[in-house]
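> pasting the structure only:
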Ligand code: PRP
């Protein structure tokens with residue numbers, strides 16, 4: 001049992017409002033489809049579900065799995081694809097859908113992998129951005145919220161695989177243990 005509930009940092013309503021705005025912007029920027037939404041497992045699954053419904057342009061939904069070696073991610077970029085795309089993205093508009101950009105190592109690696117597959121265009125949409133943590137510069141076209149360096153969970157984000165199903169994004173206080 002958690003000793004106290006996680007503190008709400010971004011409410012379900014705030015998240016929904018911002019995603020509606022992001023969806024409008026993306027719809028405007030991509031008037032014709034199909035737009036390939038590529039979500040990075042697992043954290044982006046909930047953002048993908050809501051963002052996809054906020055975009056009016058015809059989309060294709062794809063998932064990719066990325067894992068880092070060991071616990072701490074470093075700027076050495078020790079990451080690999082654990083679940084690859086099922087389709088070719090050659091000649092298509094691609095939007096990578098990410099829950100959070102932290103060090104930038106994951107996206108630097110993924111951009112490099114996907115650019116080799118010759119998409120027509122490739123951009124990034126992230127719900128959260130922690131610029132203070134950046135080790136690799138990454139150009140992010142669509143950012144939901146820029147946040148300080150706090151440990152956030154919920155709305156897809158986990159702590160040791162817990163909390164992904166919270167509707168709000170919450171800050172995990174130090175005295176809170178996983179349920
Ligand atoms: C998290 C998050 C991003 C990545 C960002 O994934 O979902 O994919 O870290 O960090 P970076 O910018 O420092 O590379 P995680 O490896 O925790 O996996 P998960 O999505 O399955 O929780």
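Yes, it's here. Please read all numbers here as calculations on a predicted model, not as lab measurements.
> and the strands in this structure?
7-10, 35-41, 59-68, 79-83, 93-101, 121-129, 142-146, 152-153, 169-171 (DSSP state E).
> okay, those in TSV with mean pLDDT and distance to the ligand next?
Bear in mind the C-beta positions are built from the backbone N, C-alpha and C, glycine included. Listed next are the strands of the chain as TSV, based on pLDDT from 0 to 100; distance: least, C-beta to the nearest ligand atom, whole Å:
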stretch	mean pLDDT	distance to the ligand
strand 7-10	96	16
strand 35-41	98	5
strand 59-68	94	6
strand 79-83	92	7
strand 93-101	98	5
strand 121-129	98	9
strand 142-146	98	13
strand 152-153	96	10
strand 169-171	97	13
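> would you turn these into JSON lines with mean neighbour count?
Below are these laid out as JSON lines (neighbours: other C-beta atoms under 10 Å):
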{"stretch": "strand 7-10", "mean neighbour count": "17"}
{"stretch": "strand 35-41", "mean neighbour count": "22"}
{"stretch": "strand 59-68", "mean neighbour count": "16"}
{"stretch": "strand 79-83", "mean neighbour count": "13"}
{"stretch": "strand 93-101", "mean neighbour count": "23"}
{"stretch": "strand 121-129", "mean neighbour count": "22"}
{"stretch": "strand 142-146", "mean neighbour count": "18"}
{"stretch": "strand 152-153", "mean neighbour count": "24"}
{"stretch": "strand 169-171", "mean neighbour count": "23"}
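> tabulate those strands in a markdown table, adding columns for distance to residue 162.
Compiled in a markdown table, those are given as follows (distance: least, C-beta to C-beta, whole Å):
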| stretch | distance to residue 162 |
| --- | --- |
| strand 7-10 | 16 |
| strand 35-41 | 17 |
| strand 59-68 | 18 |
| strand 79-83 | 21 |
| strand 93-101 | 15 |
| strand 121-129 | 18 |
| strand 142-146 | 22 |
| strand 152-153 | 7 |
| strand 169-171 | 11 |
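> done for today, thanks.
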